[in-house]
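J.: The sequence and its predicted three-dimensional model are supplied below.
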Amino acid sequence: AASGLLPVVDKVRPQSALQHVFVVHYADLLPAQPLIDLPAELAAEVAACADGGRRMPQGTEDFRAVMTSGATPAPVNIGLDDVALMTYTSGTTGLPKGAMLTYGNALFKTTVCADCNGVQVGDVLLSVAPLYHIAGMLMGVNVPVITGATAVLLHRFDPRAVLQAIDRHRVTWWYSIAPMNVACMQVLQAAGPGTFDLSSLKMNPVTSFGIAFTEPLAQQWRSFAVNCTSQEAAYGLSETHTCDTYTPAGQARWGTQGIAAPGVHIRILDPDTGAERPTGEVGEIVLTSPGVFKGYWNKPEATAATLRNGWVHTGDMGKMDADGYLTFIGRFKEMIKVSGYSVFPEEVETILIKHPAVAQAAAIAQPDPEKGEVVKVFIVTKPGVQATAEEIIEWARQNMASYKAPRQVRFIDALPATGAGKVLRRLLKDLD
């Protein structure tokens, strides 16, 4: 555990089977002369360690000392079907579940991801998405390891540090979350031309968490990173080691999540009958591949509901066009039923962020005695910009179907989200 997390570990350790706790000091992992600005908390740790503050609490072991001891671990027999990791689902609609992924799952998806994205040994990858999130692990650790590419690993996301890293380490490939690009562009606009050289950046797959990564955003980003192709990264989930689709370089169809990765088979089914839906019609996204997990840890009923005859029933609604491009519509459990009409939160949010005052939006269902449910939205406004609920509602009525337009608007400082940036709509329901 990182040294700052030890109080949390200490709380659960007596009730757990933990036998060893290794303490990591992030300051140990820094280069002697960092080329980028350090976050305040990391700079404070560096200073504390320099002043003799590098302490090892009782009952813990020093990770750095173990790694530099020269000791050889005992050999262990493992197979590709053995469980390699348990990655916990994001818990957007319920409590997180531990998805058991094998070495074979990881090898398959890492190979596919590296090949589809054209990562080469000479590339320099920027790793800033949280590594405990399956996409962050795949893009930030697994792909550099399997390709032999260089990885520039940041402590956490900071827009100025990202720009410094791209400039000073000549980063060629960066996997980002859409709000990261927006934050970086705000710094670039404030800094002025020539402050950061982003010409080395060639590829930037982006995930639309928090906000949609649209063609205008991609064009704006390219005005700063002039040699960079940026587009939607993929569709995927923890249960499949993610990266089930990819967008071929330069062939983005905006609003879609790309085509099935090699070895991945995707079907769109009617959620009620299980029948295959015609091309272009919405249904449940169901898929299979050598990346499919073994099940949820200690949750046989949830496993049986999701994993059926080798196919993962995602609970996500989507559609596929004639060329195989997949469009994610939304989570079935988060669908809002307005007078019998189906409204997915993402549909409303994608339109609302086009409002000049809106930085982020999240939609949920609000019970209504006449319509069953209506749309309620939570809005984060852009810095220095104001709007009223009435203005947002009137604008929405002019820009989307009337039954999709929100009936209630609440302004909020920040949307609750996972570390990877995925909005936790279930927590919004507790704010009233």
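T.: Now that the structure is in, tell me what you want to look at. Computed from a predicted model, the values in this text were never measured in an experiment.

J.: Give the buried residues for stretch 416-432.
T.: Applying a neighbour-count criterion of 16 or more other CB atoms under 10 Å, one finds 417, 418, 420, 421, 422, 423, 425, 426, 428 buried in stretch 416-432. All C-beta atoms are positioned from the backbone trio N, CA, C, and that covers glycine.

J.: which element is residue 391 on?
T.: helix 389-399 (DSSP states H and E).

J.: Stretch 198-217 spans what distance, first to last residue?
T.: 16 Å (CA to CA, to the nearest Å).

J.: Kindly report the same for stretch 12-25.
T.: End-to-end for stretch 12-25, by CA to CA: 21 Å.

J.: before we move on, what about stretch 70-85?
T.: 26 Å.

J.: What residues sit buried inside it?
T.: Buried residues in stretch 70-85, counted by 16+ other CB under 10 Å: 83, 84.

J.: next one: it to chain centre, how far?
T.: 28 Å (CA atoms, centre = their mean, to the nearest Å).

J.: List the contacts of it.
T.: Contact partners of stretch 70-85, identified using CB atoms under 8 Å, 6 or more residues apart in numbering, comprise 100, 101, 102, 103, 104, 105, 106, 107, 294.

J.: Most neighbours among these, which one?
T.: The most crowded member of these, judged by other CB atoms under 10 Å, is residue 105 (25 neighbours).

J.: Would you mind measuring from residue 150 to residue 204?
T.: 17 Å (CB to CB, to the nearest Å).

J.: where does the stretch 51-200 of the chain dip in pLDDT?
T.: For the stretch 51-200 of the chain, the stretches flagged by pLDDT under 70 are 90-94.

J.: now the strands for it?
T.: 61-62, 83-88, 98-102, 124-127, 150-153, 173-174, 176-177 (DSSP state E, counting those that start in this stretch).

J.: The nearest residue to residue 84 once chain neighbours are set aside and residue 56, how far apart?
T.: What sits nearest to residue 84 in space, not counting adjacent residues and going by CB to CB, 6 or more residues apart in numbering, is residue 103, at 4.5 Å. Look at residue 103 and residue 56: by CB to CB, they are 32 Å apart.

J.: picking that back up, between the strands of the stretch 51-200 of the chain, which gets nearest to residue 184?
T.: Closest to residue 184 of these is strand 176-177 (CB to CB; 8.3 Å).

J.: Would you agree residue 406 is in contact with residue 396?
T.: Yes - assessed by CB atoms under 8 Å, residue 406 is found in contact with residue 396 at 5.7 Å.

J.: which neighbours do these two share?
T.: Between them, residue 406 and residue 396 share the contacting residues 348, 352, judged by CB under 8 Å, 6+ apart.

J.: which one of residue 150 and residue 204 has more residues nearby?
T.: Applying other CB under 10 Å to residue 150 and residue 204 shows that residue 204 carries more neighbours, namely 26 against 17.

J.: Now the more buried one: closest residue in space, sequence neighbours ignored.
T.: Once flanking residues are discounted, residue 204 sits nearest to residue 230: 4.0 Å by CB to CB, 6+ apart.

J.: Give the partner strands of the helix or strand that neighbour falls within in its sheet and their orientations.
T.: Applying DSSP H and E as the criterion places residue 230 in strand 229-232. Strand pairing for strand 229-232, using DSSP bridges, gives strand 203-207 (parallel).
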